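Student: Please find the sequence and the predicted model below.
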Amino acid sequence: MHDLVPGTLFGYNAKQSFGLVRFGLDQPDPTVTFQIISIDGDRPYSVTVRRSEIVH
């Protein structure tokens, strides 16, 4: 077992989890959503970013 790297949102040893990325390309302002999903199905973190927020 090893410690989490400072600043990480999740780690395998803390609770088995994975990251899921979804793209919403069928919208006028497309999105990308990142979620952390634990082995238990919990979703402790989610963030959505719109194209308009990152394109100048």
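Tutor: Yep, that arrived.
Student: Can you tell me what sits against stretch 44-56?
Tutor: Residues from elsewhere that reach stretch 44-56, judged by C-beta atoms under 8 Å, 6 or more residues apart in numbering: 9-10, 17, 29-36, 38. From N, CA and C alone the C-beta is placed, and that goes for glycine too.
Student: same thing but at 10 Å, please
Tutor: The contact list for stretch 44-56 (C-beta atoms under 10 Å, 6 or more residues apart in numbering) reads 9-10, 15, 17, 19-20, 22, 24-25, 27-38.
Student: Pull the number of nearby residues for residue 8.
Tutor: Residues near residue 8, counting by other C-beta atoms under 10 Å, number 9.
Student: Next, residue 53: secondary structure please.
Tutor: Of the three states, residue 53 takes helix under DSSP: H, G, I helix; E, B strand; the rest coil.
Student: Can we start the residue count at 49 from this point?
Tutor: Noted, 49 is the first residue going forward, which turns the last one into residue 101.
Student: Can you tell me how far it is from residue 95?
Tutor: Residue 101 is 11 Å from residue 95, where distance means C-beta to C-beta, to the nearest Å.
Student: now swap in residue 82 and tell me
Tutor: According to C-beta to C-beta, residue 82 and residue 95 sit 5 Å apart.
Student: The two: which is more packed in?
Tutor: Neighbour comparison, residue 82 and residue 95: the larger count goes to residue 82, with 14 against 10 (by other C-beta under 10 Å).
Student: isn't that one right next to residue 66, touching?
Tutor: No - using C-beta atoms under 10 Å as the test, residue 82 is too far from residue 66 to be in contact (11.1 Å).
Student: In terms of pLDDT, where does residue 72 sit?
Tutor: What the model reports for residue 72 is a pLDDT of 97.
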